[in-house]
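J.: sequence unknown, structure follows:
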């Protein structure tokens, strides 16, 4: 049986129970099969009801696993609602046969035994991670990268109303639904012979000018680029952009940098040079002409840097190019050719982890990211998610390589997973069950 998923947006209502009821009545009906997995996206104004609402949603679809998370905005049913709108969104469905679903939790003083989440059957797992902003998320992603080389990790940071307010709830079959204490995260490990997770991370920025090599600097300080002070290199890029008023304005008012790091040489289907740059803020400068960047990974002689800019136009183009590259890479990977007459293949579900600075704060058109995804990947795909405090995922496109663990390529000790800002990370779930078995 092929996976069946639904994504819905409920009606806005100041009464959380009424808002939830309008969501659940669209999500699932009595004649539908029991759901394997579900996620409830809760607006901040209803966050006090997170545990009760998640438990009710889990009962409604008879879920084996159900996660609830508070977002600055919620996404579902083709809509993206921003901060302050009192509506729930939800997604639920069945997974392909023989899929293993392994929830785990983590906090600063309670770590999972990573080797016990999955024990090898030769197939690469994937992980969805929902984290509190005060959780040890960097430690968690580093551990997952090291414990499961080649695994794809995607997710987002919740948006609690205070540092003392729970913002993540977890239901597992056989246990009561519970909220996780502040400073916690939950992960869902997914593995099976007929399921894959692919990710596409749109950083919303465009590169300007050439890539430079950091010839002096360390940590978050870039002193010299190609043997000259970093600000002097920037002046050269500004000079080259003089004929483009928009770029010139952005370079002066919204400058960012892209750092190509030592782990960027990892072979990935669909990877391009642009995918290898991790976009970060410029946070200051020095009297000697150096610049300070929002990432501590700068290494002289190894790190390459390219200046970037971000605005609505750059973010729209970036997402369009990324999704186009994903579709082409999938097409030419040789592993997703549909049978004759079956039409274009598409994932059965996609989770969207979008920065709370996107949406109508960045774009003049509503439902921007969801619409672009539908046009590029599949109009009928169930898409749901939330506006995050930070987004988790690899750079560019990942997951299209062979799911055979023995063929996964990763640099020893290197982190493939990053915490981003102002990005949209799509986690796409594919049912690879052969058509004759469906």
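T.: Ah, there it is. Because the structure is predicted, anything quoted here is derived from the model rather than measured.
J.: hang on, residue 349 packs against residue 7?
T.: Yes - using CB atoms under 8 Å, residue 349 is in contact with residue 7, at 7.3 Å. (Each C-beta comes from the backbone N, C-alpha and C, glycine too.)
J.: low-confidence ranges, the chain, go.
T.: Along the chain, segments meeting pLDDT under 70 span 1, 261-275, 336-344, 404-415, 435-438.
J.: mind doing that once more with 50?
T.: 263-272, 406-414, 438 (pLDDT under 50).
J.: now do the shared contacts for residue 349 and residue 7.
T.: Here residue 349 and residue 7 share the contacting residues 91, 382, 383, 384, scored by CB atoms under 8 Å, 6 or more residues apart in numbering.
J.: which residue sits closest to the second one in space, ignoring its chain neighbours?
T.: This means residue 382. residue 7 (3.8 Å; CB to CB, 6 or more residues apart in numbering).
J.: and the one you found, how many residues sit next to it?
T.: The local packing of residue 7 (other CB atoms under 10 Å) involves 28 other residues.
J.: confirm it sits in a helix?
T.: No - counting by DSSP: H, G, I helix; E, B strand; the rest coil, one finds residue 7 to be strand, located in no helix.
J.: wait, isn't it in contact with residue 89?
T.: Yes - between residue 7 and residue 89 there is a contact at 7.3 Å, judged by CB under 8 Å.
J.: got a list of what residue 348 touches?
T.: Contacts of residue 348 (CB under 8 Å, 6+ apart): 2, 3, 4, 5, 93, 381, 382, 429, 430, 431.
J.: out of those residues, which are buried?
T.: Neighbour-count burial (16 or more other CB atoms under 10 Å) applied to the contacts of residue 348 gives 3, 4, 5, 93, 381, 382, 429, 430, 431.
J.: OK, contacts around residue 176?
T.: So residue 176 contacts residue 55 (CB under 8 Å, 6+ apart).
J.: give me the common contacts of residue 7 and residue 89.
T.: 76, 77, 384.
J.: okay, domains of this structure per the record?
T.: Here the domain parsing of the chain from automatic domain parsing is 5-202+315-437, 206-309.
J.: need the winner for burial among those.
T.: Counting by mean count of other CB atoms under 10 Å, domain 5-202+315-437 has the highest mean neighbour count of the domains of the chain, with a mean of 20.
J.: ok, the residue lying closest to residue 99 once chain neighbours are set aside - contacts?
T.: Closest residue in space to residue 99, ignoring its immediate chain neighbours: residue 192 at 3.6 Å, by CB to CB, 6+ apart. Neighbouring residues of residue 192 by CB under 8 Å, 6+ apart: 95, 96, 97, 98, 99, 100, 123.
J.: likewise for residue 48?
T.: 16, 165 are the contacts of residue 48 under CB under 8 Å, 6+ apart.
J.: can you tell me the SS state at it?
T.: Assigned with three-state DSSP, residue 48 falls in the helix class.
J.: mind checking the longest helix of the protein?
T.: The longest helix of the chain (DSSP state H) is helix 312-332.
J.: show me which of the shared contacts of residue 7 and residue 89 is closest to residue 291.
T.: residue 384 (38.7 Å; CB to CB).
J.: who is that closest one paired with across the strands?
T.: Taking DSSP bridges as the rule, residue 384 bridges to residue 76, residue 351.
J.: that one touches residue 7, doesn't it?
T.: Yes - with contact defined as CB under 8 Å, residue 384 counts as touching residue 7 (4.1 Å).
J.: now the common contact residues for the two.
T.: Contacts common to residue 384 and residue 7, judged by CB under 8 Å, 6+ apart, are 76, 77, 89, 90, 91, 349.
J.: may I see these organised as CSV, with distance to residue 249 added?
T.: Listed next are those as CSV, based on distance: CB to CB, whole Å:
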residue, distance to residue 249
76, 36
77, 37
89, 36
90, 41
91, 39
349, 40
